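S.K.: any chance you can model this:
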Amino acid sequence: MTAPHGFSVSRYAPERGTLAKLAARDSVLRRLDWPILLSALALSGIGSLLVWSATRGRTELNNGDPYYFLFRHVLNTGIGLALMIGTIWLGHRTLRGAVPILYTVSIVLILAVLTPLGATINGAHAWIVVGGGFSLQPSEFVKITIILVMAMLLAAKVDAGDQLHPDHRTVAKSLALAALPMAIVMLMPDLGSVMVMAVIVLGVLLASGASNRWVLGLIGAGVLGAVLVTALGMLDEYQINRFAAFANPDLDPAGVGYNTNQARIAIGSGGLLGSGLFKGSQTTGQFVPEQQTDFVFTVAGEELGFVGAGLILVLLGVILWRSCRIARETTELYGTVVAAGIIAWFAFQSFENIGMTLGIMPVAGLPLPFVSYGGSSMFAVWVAIGLLQSIRVQRPMTA
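M.R.: Below you'll find the predicted structure:
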């Protein structure tokens, strides 16, 4: 199809105009995807209660203040909302032009982790401690950077109407740019984050329309990489023990298998309606380690039961469903690829986090999006929501 003045029109042709023009014609608030926003807010609200329940009696963690983690979780959510609003205001297309800067900053931050600025928390040397109790996990923001840099490259010629699909050279370049931060994160080692990033890359490639040979090659490279990492001894002992405990839950129930066993006991004891908030014996007895972060889902299972835990799954499902709709309805490949990367990120990380509490996935130290305690994770997922909302806001309204 040919437009006036000889311009080529395709499904992914970029729309004309700016966010200001769209806002003048239609309210930005009306264009927001409210099911996504309300579901994310509900998850953060539920997370606040679960984090409070898991930490209010942990005097060794909260310095004698039972509201310490509750306040910080709510504060992190508030900052996350501000970041979401800022992302919508800037727009995903504006950020597209800033991707080289964002990529460079991300590389600098994760390299800083490998310097004396870095700190080890829960076995992973993946943090930068700034001071005053504030710490930053750069790998959480690298997930966003990988999505944006790959989307920028893979969609450039397609959105310009020069190609129908990304060529092999473009795909290779995008994979190389994604591989660099992943390799640095692997050196920390932060295997959980690398797993998420690998799934993000796979999701981005699938959405971009790249040749299936690249997808199959990436899967093969992932399997080979896992074998080499194990053979070369790049994993720490605690990581090897986690996989061993997953393969054989009865291997060391009082040692490497303790976390998973206690998590399953907590969830199993909740029944249909749970024991009631603040009344879980496993939670109040502090039997489940890291319950406010990696194992926060066990609090929901024990104290809110199948109904409460199921509600978390439903809310996550709504976010993924609406995100898929945004990816499908956008008129540019760049927006489709960004949304697909976020979908792959949220879906895999949620599955891994909940799966490890049920014993169907190995323990990988990944937070549950919007629910687990942690500033870096909370900030990153709300920026991702901002990107999704921007993609929806800046698309033409359908009749």
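S.K.: please pull out the lowest mean pLDDT helix or strand from this protein.
M.R.: Comparing helices and strands within the chain by mean pLDDT, DSSP states H and E singles out helix 19-25 as the least confident, with a mean of 51.
S.K.: low-scoring stretches of the stretch 201-350 of the chain, by residue?
M.R.: Scanning the stretch 201-350 of the chain for pLDDT under 70 picks out 229-257.
S.K.: kindly report the same for the stretch 1-150 of the chain.
M.R.: Applying pLDDT under 70 to the stretch 1-150 of the chain flags residues 1-26, 122-124, 131-133.
S.K.: strands along that one, start to end?
M.R.: In the stretch 1-150 of the chain, the strands defined using DSSP state E, counting those that start in this stretch lie at 118-121, 124-131, 134-136.
S.K.: now, of these, which is deepest in the fold?
M.R.: The highest mean neighbour count among the strands of the stretch 1-150 of the chain, using mean count of other C-beta atoms under 10 Å, belongs to strand 124-131: a mean of 16. Glycine gets a C-beta too; all of them are placed from N, C-alpha and C.
S.K.: quick one: contacts of it?
M.R.: Residues from elsewhere that reach strand 124-131 (C-beta atoms under 8 Å, 6 or more residues apart in numbering): 109, 112-114, 117-121, 135-139, 185, 188-190, 192-193, 365.
S.K.: got the CA positions of that strand in PDB?
M.R.: Provided in PDB are the C-alpha atoms of strand 124-131 (Å, rounded to 0.1, in the frame of the first residue of the first chain):
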ATOM      1  CA  ALA A 124      25.200 -12.900  45.600                       C
ATOM      2  CA  HIS A 125      27.800 -10.200  45.200                       C
ATOM      3  CA  ALA A 126      25.200  -8.100  43.300                       C
ATOM      4  CA  TRP A 127      24.700  -5.000  45.300                       C
ATOM      5  CA  ILE A 128      26.000  -1.500  45.700                       C
ATOM      6  CA  VAL A 129      25.700  -0.100  49.200                       C
ATOM      7  CA  VAL A 130      25.500   3.700  49.100                       C
ATOM      8  CA  GLY A 131      25.100   4.400  52.800                       C
END
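S.K.: paired strands for that strand, with orientation please.
M.R.: Next to strand 124-131 in the sheet, as set by DSSP bridges, lie strand 118-121 (antiparallel), strand 134-136 (antiparallel).
S.K.: run the chain-centre distance for the first one.
M.R.: Which is strand 118-121. Computed by C-alpha atoms, centre = their mean, to the nearest Å, the chain-centroid distance of strand 118-121 equals 20 Å.
S.K.: CA atoms only for it, dumped as CSV, please.
M.R.: Once non-C-alpha atoms are left out, strand 118-121 reads as follows in CSV (Å, rounded to 0.1, in the frame of the first residue of the first chain):
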residue,chain,number,x,y,z
GLY,A,118,30.0,-3.9,45.7
ALA,A,119,28.5,-5.9,48.6
THR,A,120,27.4,-9.5,49.1
ILE,A,121,23.8,-10.1,50.2
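S.K.: quick check: M182 is in a helix.
M.R.: Yes. M182: assigned to a helix according to DSSP: H, G, I helix; E, B strand; the rest coil.
S.K.: now the nearest residue to it once chain neighbours are set aside: which helix or strand?
M.R.: Leaving aside its chain neighbours, M182 sits nearest to M197 (5.1 Å; criterion: C-beta to C-beta, 6 or more residues apart in numbering). Per DSSP states H and E: M197 is located in helix 191-208.
S.K.: got the angle between whichever helix or strand comes after that helix and helix 191-208?
M.R.: Later in the chain than helix 191-208, the nearest helix or strand by DSSP H and E is helix 212-231. Counting by axes from the mean of the first three to the mean of the last three C-alpha atoms, to 10 degrees, helix 212-231 lies at 170 degrees to helix 191-208.
S.K.: on contacts alone, who are the packing partners of helix 212-231?
M.R.: When contacts are defined as 3 or more C-beta pairs under 8 Å, 6 or more residues apart in numbering; DSSP states H and E, helix 212-231 packs onto helix 168-186, helix 191-208.
S.K.: so what secondary structure elements neighbour the first one?
M.R.: If you count contacts as 3+ C-beta pairs under 8 Å, 6+ apart, helix 168-186 packs onto helix 99-113, helix 138-159, helix 191-208, helix 212-231.
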